[in-house]
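Q: sequence and predicted model, in that order:
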Amino acid sequence: MIIGIGTDVCSIERLGESLERTPNLSERLYYRTERELELQSLAGRFAAKEALAKAVGDPRLLTWNEIEIHNNELGKPIFQFHGRTALRIFDLGVDRSWLSISHDASVAIAMVVLEGN
């Protein structure tokens, strides 16, 4: 059963400007393993977390730096949830998540589907 879907786009340039302008923004938005990635990858992860918030339906349930996105052995992006965010995702009944991220030129886009029994 699908619990939620979400999609989002992110301007790579605008995200870069925000990260430069705002101290500690990277620490608030990204899990520790994500912070040193290239800007286009950070924009993709930002879009993915926004899409996740839309799929969940209540962004207050999420703490962004408790959401890790990494690639599996085939390069497919996957979520890994930590801390209270992991508990909240579990409480929503989510047992599978699907994530697609793409970027081209000046934008990144992501789509999320959440499934549960």
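A: In hand now; what should we look at?

Q: for this structure, which helix is longest?
A: Ranked by residue count under DSSP state H, the longest helix found in the chain is helix 39-56.

Q: in that one, what counts as buried?
A: 40-56 (16 or more other C-beta atoms under 10 Å). All C-beta atoms are positioned from the backbone trio N, CA, C, and that covers glycine.

Q: what is it packed up against?
A: In terms of contacts (3 or more C-beta pairs under 8 Å, 6 or more residues apart in numbering; DSSP states H and E), helix 39-56 is packed against strand 2-11, helix 12-21, helix 25-29, strand 67-71, strand 77-81, strand 96-104, strand 107-115.

Q: quick one, the second one and strand 96-104 angle?
A: Orientation check (axes from the mean of the first three to the mean of the last three C-alpha atoms, to 10 degrees): helix 12-21 against strand 96-104 gives 100 degrees.

Q: so for helix 12-21, mean pLDDT?
A: For helix 12-21, the mean pLDDT works out to 97.

Q: what's the answer for the fourth one, then?
A: Mean per-residue pLDDT for strand 67-71: 96.

Q: could you dump the helices and strands packed on helix 39-56 into a markdown table and include distance to Ile89 and mean neighbour count?
A: Formatted as a markdown table, these follow (distance: least, C-beta to C-beta, whole Å; neighbours: other C-beta atoms under 10 Å):
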| stretch | distance to Ile89 | mean neighbour count |
| --- | --- | --- |
| strand 2-11 | 10 | 17 |
| helix 12-21 | 24 | 14 |
| helix 25-29 | 18 | 14 |
| strand 67-71 | 9 | 18 |
| strand 77-81 | 5 | 17 |
| strand 96-104 | 8 | 16 |
| strand 107-115 | 8 | 20 |
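
Q: and these as CSV, adding distance to Arg60?
A: Output for these, formatted as CSV (distance: least, C-beta to C-beta, whole Å):
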stretch, distance to Arg60
strand 2-11, 15
helix 12-21, 21
helix 25-29, 15
strand 67-71, 14
strand 77-81, 15
strand 96-104, 19
strand 107-115, 16
